[in-house]
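In: Just to be clear, the model below is a prediction. Sequence and coordinates:
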Amino acid sequence: MIVMGIESTAHTFGVGIIDGEGNILADVRARYTPPRGMGIEPFNAAEHHSKEAANVLRDALSEAGIGVEDIDVIAFSRGPGLGPCLRVGASLARYLALRHGKPLYPVHHGVGHLELVTHYYSLRNPLHLLVSGGHTSILVLNECRYRVFGETLDITVGNLLDVLAREAGLDFPGGPVIESLAEKGGELLDLPYTIIGTSFQFSGILTKAIQLLKSHRIEDVAYSVQEVAFSIIVEAVERALRAVPFDVDGIAISGGVASNDTLYKKLGVMAERYGLKVYRLPKRLNGDNGVQIAVVGLRMALAGVEPPELSSTGVVQRWRIDEVDIPWAC
């Protein structure tokens, strides 16, 4: 079996192709980069995706050494995400499925992140930390759904880093830039530390950090934001570990912010106290990609999930991860 996954939730248009064992045959992407000091404008990003879609598809098929006729299953990111961007990927997926008579599976983007790291390390049931521009959640798979044990109550940690970078006139995405600057900082500035049970808030950190940009070195602001925001996340994960009513076989971190080494190290120190290991994908696979969508498509196909009618494959801009059935876990 060969599965193609199409990703287009935000800044990245990607096509991933895997075989029936989940081995990666192709992983090709084109990323929209907004002007410095600006965030993603959905229609500009969608225009970028429309121009690049055919090239990305062609290059992915070439990398895999196959044609569209060799694909057995097509999957695409249905949401959540930016509507104009989602529609580009959905339209291409529907066209290919209809034109070549292939089964089509709509996929929740966040589930893709979780399933990719689970598959990569053959994990049984880890505690997941999903950290990106669109998600900051602590989850466990139980009774056919991902259950949220903690989450942001306002903005995501990825959004925190991106907006801070934008306000400072830095490049997009903000996470890698802030991480690089933080390595040159050392003064811990006073920022709000807001944690409520296993959930948390970051908007207060962002507001105060923007104010501090006027009076302190950007390196120290970046360092402080990382130290406080990541400490909040690690504390929430530790609290969630105590709340989960069954044993987990590790902590799996996924999403774009999973590539941040400071967060990864902080999690590792905490996890070691519980005899657990933190599992993180190679950095290239943490960011949005078509492979994560293909992996979920493969799971659906192997579980015998009936593909929906094309008329029922509309995109969903707002879609909570705990609303998604996980039939292969039942």
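Out: It's in. Numbering: from 1, shown residues only.

In: where does this protein have low pLDDT?
Out: Scanning the chain for pLDDT under 70 picks out no residues.

In: can you rerun that using 90?
Out: For the chain, the stretches flagged by pLDDT under 90 are 35-39, 245-247, 310, 330.

In: Where do the strands of it begin and end?
Out: 2-7, 12-19, 24-31, 73-79, 104-108, 127-131, 136-142, 145-151, 194-196, 199-201, 251-254, 278-280 (DSSP state E).

In: by contact count, what packs against the second one?
Out: Put plainly, it is strand 12-19. strand 2-7, strand 24-31, helix 42-64, helix 83-100, helix 290-302 (3 or more C-beta pairs under 8 Å, 6 or more residues apart in numbering; DSSP states H and E). From N, CA and C alone the C-beta is placed, and that goes for glycine too.

In: pretty sure residue 277 is touching residue 250, no?
Out: Yes. At 5.1 Å, residue 277 and residue 250 qualify as touching, with contact defined as C-beta atoms under 8 Å.

In: any residues in contact with both of those two?
Out: Any residue near both residue 277 and residue 250 by C-beta atoms under 8 Å, 6 or more residues apart in numbering counts here, and that gives residue 271.

In: between these two, which one's more packed in?
Out: More neighbours surround residue 250 than the other of residue 277 and residue 250, with 19 against 16 (other C-beta atoms under 10 Å).

In: What residue in this protein is the furthest from its centre?
Out: Taking C-alpha atoms, centre = their mean, the residue of the chain most remote from its mean C-alpha position is residue 215, at 33.6 Å.

In: list the contacts for that residue?
Out: No residues are in contact with residue 215 under the rule C-beta under 8 Å, 6+ apart.

In: Backbone dihedrals for it, both of them.
Out: In terms of degrees, to the nearest 10, the main-chain angles of residue 215 are phi -130, psi 0.

In: what's the angle between the longest helix out of those in the chain and strand 127-131?
Out: As assigned by DSSP state H, the longest helix anywhere in the chain is helix 218-243. Orientation check (axes from the mean of the first three to the mean of the last three C-alpha atoms, to 10 degrees): helix 218-243 against strand 127-131 gives 150 degrees.
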